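# sequence-free structure coming up:
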């Protein structure tokens, strides 16, 4: 997994890496569904009407635009940001270019542990 460290103009160290969602996460809310028989709730029978039920299991749903992955930026002070779409050549980009992308990235709100 590509990973880089750079310093911003204030001397704060940032880490940046690529995040690729799993195929389950990329499915989103309209992913795979299963068929069940409307008669008896069991396996479909010949001639019975089938209805579609959505998979109700736990699932991570990605916000639009994040299904193809993103860059995650994290500072040593704990600030996190996400950038999408992933810029070409980010693995070899200069610290200045990484900082430009970091400033353009969306800030990830911190969770309150209370």
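The structure has been received and is ready for your questions. These numbers were taken from a predicted model, which means no experiment stands behind them.

# Pick out the least confidently modelled helix or strand of the protein, by mean pLDDT.
Within the chain, no helix or strand scores below strand 33-37, which has a mean of 31 by mean pLDDT, DSSP states H and E.

# Quick one: neighbours of residue 66, just the number.
17 (other Cβ atoms under 10 Å). Just so you know, the C-beta spots here come from the backbone N, C-alpha and C atoms, and that holds for glycine as well.

# er, residue 68 actually
Per other Cβ under 10 Å, the neighbour tally for residue 68 reads 12.

# and if you look at residue 89?
Other residues lying near residue 89 total 8 when counted by other Cβ under 10 Å.

# Output the below-cut-off pLDDT ranges for this protein.
1, 23-65, 112-114 (pLDDT under 70).

# Could I get the full set of helices for it?
23-27, 95-104 (DSSP state H).

# Now stretch 91-102: buried residues?
Judged by neighbour count using 16 or more other Cβ atoms under 10 Å, the buried positions of stretch 91-102 are 93, 98, 99, 101, 102.

# from memory the last one sits against residue 8, does it?
This points to residue 102. Yes. With contact defined as Cβ atoms under 8 Å, residue 102 counts as touching residue 8 (7.2 Å).

# who touches both of those two?
Residues touching both residue 102 and residue 8 by Cβ atoms under 8 Å, 6 or more residues apart in numbering: residue 14.

# quick one: the closest residue to residue 78 other than its chain neighbours from residue 77, how far?
Nearest residue to residue 78, sequence neighbours excluded (Cβ to Cβ, 6 or more residues apart in numbering): residue 110, at 7.2 Å. Between residue 110 and residue 77 the computed distance is 11 Å (Cβ to Cβ, to the nearest Å).
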